[in-house]
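Participant: got a structure for you, letters missing:
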């Protein structure tokens with residue numbers, strides 16, 4: 001990560017011009033009312049299609065007793081989705097001019113993620129990454145094209161930064177060919193090497209010049225994607241419970257899972273949005289660490305939904321795993337989500353050891369719920385809900401003059 005100071009403001013507003021093609025110039029950090037565009041929202045929705053596919057395959061792997069391999073495959077596929085999404089998000093925050101070419105290239109990236117989604121099952125079941133690589137390549141070449149447009153419009157250090165981004169993106173894409181040709185046992189290690197190289201591109205590219213990403217816009221984009229992923233988690237769990245009721249008439253057995261899962265997701269939303277994080281994003285070092293950490297936030301949030309499906313399948317006798325393993329499929333990603341949100345958000349706003357321990361303690365208690373048999377998910381939901389209550393109670397009792405958001409759960 002770079003620790004460079006915040007760059008000087010760029011002139012406010014999107015680049016001028018009304019024609020279908022405009023120069024892709026940097027936007028300003030001081031823009032008022034900078035919000036997500038309809039194209040960005042559409043982009044997020046299409047990405048969640050691929051997230052859902054990865055979740056479905058994770059459910060199958062865990063339910064069949066192949067949790068280790070399933071988690072590894074999930075981590076690899078989810079990285080491709082998250083990294084492509086994140087790169088577009090930060091680029092759009094700095095350069096979105098919403099002209100015809102920008103829209104078309106963004107739609108090409110959306111097509112790429114749909115191609116990737118089509119290859120997720122092959123990646124999990126046959127360890128064949130050809131279609132996943134192809135979808136990722138479409139997204140990354142389109143991203144490099146955007147950076148080349150920015151380089152063409154920029155000058156000096158800004159141009160150099162854009163060219164570094166484009167070169168890094170394309171070089172890494174060539175490196176990912178190793179997943180197609182290396183022996184199966186070497187692929188996880190190659191994935192780790194390539195993932196680290198990918199994450200080195202932004203800090204290296206921005207040495208000497210920092211792109212003019214907008215803190216409020218970035219915080220909003222991450223928050224919106226978190227909402228969409230949590231929504232997908234609820235949708236997946238609802239379908240699983242409905243299927244269990246329709247096929248096995250097991251309402252009594254599934255009700256605790258449904259109620260507990262709903263409490264977990266509600267608490268996950270509450271905790272994430274308890275504090276406004278944009279004020280913390282003041283430099284590249286802070287923003288990049290925060291942005292990179294969201295790999296765990298998004299992956300664990302999506303995995304909660306997969307875990308709820310596994311718990312339902314185990315309850316109705318369709319999963320070949322123990323109750324303990326099925327419970328862990330929910331409690332472990334929930335605990336990971338709580339700890340990651342605490343590390344990225346909450347600890348920056350807490351005052352005193354008691355407030356700092358709320359979410360870590362909640363995560364520990366959620367893990368302990370794993371051993372409560374068929375009541376594990378419900379108990380985890382109650383613990384998460386009580387965590388929210390504790391946070392709001394502390395906020396209501398804050399000392400006079402202290403910010404309300406400084407003491408809440410999230």
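Facilitator: Everything's here; your move. For clarity, every value in this text was computed on a predicted model and none was experimentally measured.

Participant: CA atoms for contacts and neighbours, from now on please.
Facilitator: Will do.

Participant: tell me which residues of stretch 216-235 are tucked away?
Facilitator: The neighbour-count check on stretch 216-235 (16 or more other CA atoms under 10 Å) flags 216-223, 225-234 as buried.

Participant: contacts for that stretch?
Facilitator: Contact with stretch 216-235 is made by 34-36, 44-45, 48, 51-52, 89-90, 93, 262, 265, 269, 273, 277-278, 297-298, 301-306, as judged by CA atoms under 8 Å, 6 or more residues apart in numbering.

Participant: Show me those residues that map onto helices.
Facilitator: Those of the contacts of stretch 216-235 mapping onto helices are 44-45, 48, 51-52, 89-90, 93, 262, 265, 269, 297-298, 301-306, per DSSP state H.

Participant: hmm, back to that, just the ones in helices from the buried residues of stretch 216-235, please.
Facilitator: Applying DSSP H to the buried residues of stretch 216-235, the entries found in helices are 216-223, 225-234.

Participant: how much space is there between the nearest residue in space to residue 321 that is not next to it in sequence and residue 325?
Facilitator: In space, residue 321 comes closest to residue 65 once its chain neighbours are excluded; the distance is 5.8 Å by CA to CA, 6 or more residues apart in numbering. According to CA to CA, to the nearest Å, residue 65 stands 9 Å off from residue 325.

Participant: between these two, which one's more packed in?
Facilitator: Comparing residue 65 with residue 325 by neighbour count (other CA atoms under 10 Å), the higher total belongs to residue 325, at 22 against 16.

Participant: low pLDDT regions in this protein?
Facilitator: 1-19, 278-284, 346-352, 354, 395-410 (pLDDT under 70).

Participant: so what does the helix or strand containing residue 61 touch, helix or strand wise?
Facilitator: Assessed by DSSP states H and E, residue 61 sits inside helix 38-63. On a contact count with 3 or more CA pairs under 8 Å, 6 or more residues apart in numbering; DSSP states H and E, helix 38-63 meets helix 67-95, helix 100-118, helix 120-125, helix 215-248, helix 284-315.

Participant: which residues touch residue 173?
Facilitator: 137, 140.

Participant: Closest to the centroid, which residue in the chain?
Facilitator: residue 298 (3.0 Å; CA atoms, centre = their mean).

Participant: Could you check how far the residue lying closest to it once chain neighbours are set aside is from residue 295?
Facilitator: Using CA to CA, 6+ apart and skipping the chain neighbours, the partner closest in space to residue 298 is residue 226 (6.5 Å). Computed as CA to CA, the residue 226 to residue 295 distance reads 11 Å.

Participant: Same check on residue 285?
Facilitator: Taken as CA to CA, the span from residue 285 to residue 295 is 16 Å.

Participant: Check residue 173 too.
Facilitator: Residue 173 is 20 Å from residue 295, where distance means CA to CA.

Participant: Next: residue 172.
Facilitator: To residue 295, residue 172 is 19 Å away according to CA to CA.

Participant: Tally up the residues packed near residue 353, please.
Facilitator: Neighbours of residue 353 (other CA under 10 Å): 8.

Participant: Please tell me how far it sits from residue 361.
Facilitator: Note on residue 353: its distance to residue 361, by CA to CA, is 12 Å.

Participant: One more: residue 43?
Facilitator: Applying CA to CA, the value for residue 43 to residue 361 is 36 Å.

Participant: These two: which is more packed in?
Facilitator: More crowded of residue 43 and residue 361, by other CA under 10 Å: residue 43, with 21 against 16.

Participant: wait, doesn't that one sit right on residue 110?
Facilitator: Yes. Taking CA atoms under 8 Å as the definition, residue 43 is a contact partner of residue 110 at 6.2 Å.

Participant: Could I get the buried residue list for stretch 83-100?
Facilitator: 83-86, 88-99.

Participant: same check, this time on stretch 251-261
Facilitator: 253-254, 256-258, 260-261.

Participant: Burial-wise, tell me which of the helices and strands packed on helix 38-63 comes out on top.
Facilitator: Burial of these is given as mean neighbour count (mean count of other CA atoms under 10 Å); helix 284-315 ranks first at a mean of 24.

Participant: just how off-centre is that helix within its chain?
Facilitator: Distance, stretch centre to chain centre, for helix 284-315: 7 Å (CA atoms, centre = their mean, to the nearest Å).

Participant: In the helix or strand just after that helix, which residues are buried?
Facilitator: For helix 284-315, the following helix or strand on the C-terminal side (DSSP H and E) is helix 323-344. By 16+ other CA under 10 Å, the buried positions in helix 323-344 come out as 323-344.

Participant: now the nearest residue to residue 82 once chain neighbours are set aside: how far from residue 96?
Facilitator: Using CA to CA, 6+ apart and skipping the chain neighbours, the partner closest in space to residue 82 is residue 295 (6.5 Å). Note on residue 295: its distance to residue 96, by CA to CA, is 23 Å.

Participant: Fine, thanks again, bye for now.
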